[in-house]
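Asker: here are the coordinates; sequence isn't available:
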């Protein structure tokens, strides 16, 4: 197993996306951001001069610039973060960052926010490692199993669950497998399943006899080519908030639905890309996090109530960064909807958005510890589930369905 499978998966996908960008533009897909002019240089907008701090004042407890490191290029899954930005943010195409005054429900909070792209923008480095490389980063997107993997040398603690369910899935052609509704049934049907080699969840699926080792293929590189060439006979991994729309609407060689099941629904209930801090900052930055995390909760609620303006900013950032990432307005709009309809984003079992279930974290710790140990990336000695997350900074009264959603960021 690769010591950092996520890094290699993202790098392979990025290579593929650079290859397909020109081809997709050639078939004139509507609203394709990568076909537009990128726009040179960083905008000089986003100044805080003349702004008045509103009802939430972060200036006395938080850094003057709150830096958030994501794991990939701008996309609608980051909508709650982009909702934090006020009017006319800076688009820094050299650094692949977006920054500006940090707003809470339409009012300035007294600080700035900087949202940094991950993946190719940071050399496909693990976000947990990047957080220890750059002390300016306050919050980073980290998966629970990645937090377990990095716990010995780069410990992080998750403070806001971006997703209640990880969007990772395995998808297949319902025409070829009409009686299949789960990954286990897909395994029994004998389908080949392609995936990015090194995924810890695949070790889990094989170890629990959901799939057989002789039917999985670790050669998937992010390209639809092998899926198309197999004519639907082979299945592959993907994201429930991306590929179903892409294959149905933007791949002319397919143009029909795919079926899928979330990996999380097979008994691997990790929290994907949860906002996390260096574990020492749970104490060191407690005053800031107590004030800031409820703002992120409400920003996420506001995004899903009215995602269009933030999505336009995301598409504008993709265009400005111009690094081969292909992302369309249609993909962004569908993602905002599908994150809710799939249950990827939800209040979970209560009315609170972004909280963690300790039993789920313990399950991931129990599953991944022997896998990671066997493959040379053992977690920290005596690691506990409570080392990996905390709900202490969340406002339990903020959840989807909260009324009074604020205006979204402007173009």
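Answerer: Yep, that arrived. If you're wondering where the values come from, they're calculated on a predicted model, not measured in any experiment.

Asker: just give me the neighbour total for residue 54.
Answerer: 14 (other C-beta atoms under 10 Å). In short, each C-beta sits where N, CA and C put it, glycine included.

Asker: helix/strand/coil for residue 288?
Answerer: Using DSSP: H, G, I helix; E, B strand; the rest coil, the structure places residue 288 in helix.

Asker: quick check, pLDDT for it.
Answerer: Looking at residue 288, its pLDDT is 98.

Asker: so who does it touch?
Answerer: Residue 288 makes contact with 58, 61, 62, 63, 138, according to C-beta atoms under 8 Å, 6 or more residues apart in numbering.

Asker: just the buried subset of those residues, please.
Answerer: Buried members of the contacts of residue 288, scored by 16 or more other C-beta atoms under 10 Å, are 58, 61, 62, 138.

Asker: ok, so of the residues you listed, who is nearest residue 371?
Answerer: residue 138 (30.3 Å; C-beta to C-beta).

Asker: SS state for the closest one?
Answerer: Applying three-state DSSP: residue 138 is strand.

Asker: now do residue 101
Answerer: Here residue 101 is recorded as strand under three-state DSSP.

Asker: how does the chain divide up, domain by domain?
Answerer: 5-162+271-387, 168-266 (automatic domain parsing).

Asker: can you list the buried residues in the lengthiest strand in the chain?
Answerer: For the chain, the longest strand by residue count, based on DSSP state E, is strand 107-116. Across strand 107-116, burial judged by 16+ other C-beta under 10 Å covers 107, 108, 109, 110, 111, 112, 113, 114, 115, 116.

Asker: what lies in contact with whichever helix or strand comes after it?
Answerer: Next helix or strand after strand 107-116 toward the C-terminus (DSSP states H and E): helix 127-133. With contact meaning C-beta under 8 Å, 6+ apart, helix 127-133 is reached by 69-71, 118, 122, 125, 137, 140-142, 146-147, 150, 154, 156, 276-278.

Asker: quick one: low-confidence residue ranges for the stretch 301-411 of the chain.
Answerer: Counting by pLDDT under 70, the ranges of the stretch 301-411 of the chain that qualify are 402-411.

Asker: tell me the spacing between the residue positioned nearest the centre of the chain and residue 369.
Answerer: Nearest to the geometric centre of the chain sits residue 273, at 5.0 Å (C-alpha atoms, centre = their mean). Remark: distance between residue 273 and residue 369 (C-beta to C-beta, to the nearest Å) = 21 Å.

Asker: same deal with residue 78?
Answerer: Here the distance between residue 78 and residue 369 works out to 30 Å (C-beta to C-beta).

Asker: who's more crowded, these two?
Answerer: Taking other C-beta under 10 Å, residue 78 and residue 369 do not tie; residue 78 has more neighbours (25 against 16).

Asker: in CSV: the contacts of residue 288, plus pLDDT, secondary structure and distance to residue 216.
Answerer: Shown next, in CSV, are the contacts of residue 288 (pLDDT from 0 to 100; DSSP: H, G, I helix; E, B strand; the rest coil; distance: C-beta to C-beta, whole Å):
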residue, pLDDT, secondary structure, distance to residue 216
58, 98, coil, 47
61, 98, coil, 48
62, 98, coil, 45
63, 98, coil, 44
138, 98, strand, 38
